[in-house]
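Engineer: could you look at this predicted model? Sequence included:
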Amino acid sequence: MFFFRLFCLFCLLVSCTPVWADAPLKALVEKVDNLDPKAMTQIERHLQDSALTPQKRAQLLQLKSVVHLNNLRMTEARAVFEQALAADPKLSLLGNLSPNNRAKYEAWRTDFLQKQISPLRRLPPPNTEPRTMGRVLYGVLLGLGVAAAVAGGITSGLASANIDEYNKLQGDPNNARKKLELHNSAQTMGILGIASFVAGGVLVVAGVIVAVLVETSPSSRPPSTPFLTKNETRALFLESF
C-alpha cells in the first residue's frame, strides 16, 4: 500500500512538471539539427506553455526560425527570429548553424535592434527666410555701392577732361561760348562725381553692416545636438552586446 501511494505521488509530480521539462532544450536542438520533421510540432507544443520565461520562449522561437530556414522559408525565419529578439534581445544562437546562416542571423539581429531605435528627434529647421532676404539686401547694397563708386570715377574723369580742355582755350577769345559750356559741364560732372563717390561709400558701409548682422544672427548658427530618449538609450545599450 505504501509503494502504491508513493507511485501515485510520483505520477502526480510528473503530471505537474512543466511541459518544458518533458523535452529538454538539448533534445530539441538535436532534432532541429537532424532535420527531424517532428521538431516543429514539438516546438509549437512547448510554446503553448504559459509558464515559459522570456528567455526560454526566445530560445524556442529561435529554433522554430531555424526550422523555417532549413526549409528555405526565409521570410518566416526572419519574422520568427524577430519575435525571439523581442523576448530576449541578447539571445544566443542555438543549433549547428553554418557560418553563412550564423552571419545571416546576426545581420537580422542588427537590423532589428536598429529598428527599435526611434529616429533622433530633430529641432525644427531654423527659419531661413529672413536670412535669405538679408543676404539679398546686403548684396544689393554692396552692388549699388560699387556701381556708384565706379560712376563717380567716370564722371570725375570727364570733369577733369573738361577742365583740361577749358584751360587750353583760355587764350582764345573766339571760343567764349565753348569755354562756358566746358566750364558748366566740368562743374556738373564734378558735383556728380563727388555725389557718386559719397553715395557709393555710404552704400558699401551699409552693406557691410547688414552682412555682419545677417551672418552673425542666431538663425545662422548650427542647431544643438538632440538628446536620446530613455527608450532610445536602452535600445542602444542592448545593441552594444
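Structural biologist: Nice, I can see it.
Engineer: from now on I want contacts and neighbour counts done on CA atoms only, so please keep to that.
Structural biologist: OK.
Engineer: so which residues of the protein form helices?
Structural biologist: Using DSSP state H, the helices of the chain run over 2-16, 19-22, 25-33, 39-47, 54-70, 74-87, 99-116, 129-168, 176-215, 230-239.
Engineer: just checking, residue 82 touches residue 112?
Structural biologist: Yes: using CA atoms under 8 Å as the test, residue 82 is close enough to residue 112 to be in contact (6.7 Å).
Engineer: those two - which one has more neighbours?
Structural biologist: Under the criterion of other CA atoms under 10 Å, the comparison of residue 82 against residue 112 puts residue 82 first, with 23 against 19.
Engineer: who's in contact with the more buried one?
Structural biologist: Contacts for residue 82 (CA atoms under 8 Å, 6 or more residues apart in numbering) come out as 108, 109, 112.
Engineer: can you rerun that using 7 Å?
Structural biologist: Taking CA atoms under 7 Å, 6 or more residues apart in numbering, we find residue 82 in contact with residue 112.
Engineer: buried residues in stretch 47-65?
Structural biologist: By neighbour count, and taking 16 or more other CA atoms under 10 Å as the criterion, the buried residues in stretch 47-65 are 47, 52, 55-65.
Engineer: with respect to burial, which of the helices of the chain scores highest?
Structural biologist: Greatest average neighbour count among the helices of the chain goes to helix 54-70 (a mean of 22), per mean count of other CA atoms under 10 Å.
Engineer: still on that earlier bit, mind telling me which of the helices of the chain the model trusts least?
Structural biologist: Comparing mean pLDDT over the helices of the chain, the weakest stretch is helix 19-22, at a mean of 43.
Engineer: what sits up against stretch 91-100?
Structural biologist: Counting by CA under 7 Å, 6+ apart, stretch 91-100 makes contact with 29, 33, 58, 63, 85, all of which sit outside it.
Engineer: just to revisit the earlier point, now render the helices of the chain as JSON lines, adding distance to residue 93.
Structural biologist: Written out in JSON lines, the entries for the helices of the chain read as follows (distance: least, CA to CA, whole Å):
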{"stretch": "helix 2-16", "distance to residue 93": "30"}
{"stretch": "helix 19-22", "distance to residue 93": "19"}
{"stretch": "helix 25-33", "distance to residue 93": "11"}
{"stretch": "helix 39-47", "distance to residue 93": "16"}
{"stretch": "helix 54-70", "distance to residue 93": "7"}
{"stretch": "helix 74-87", "distance to residue 93": "10"}
{"stretch": "helix 99-116", "distance to residue 93": "8"}
{"stretch": "helix 129-168", "distance to residue 93": "54"}
{"stretch": "helix 176-215", "distance to residue 93": "56"}
{"stretch": "helix 230-239", "distance to residue 93": "16"}
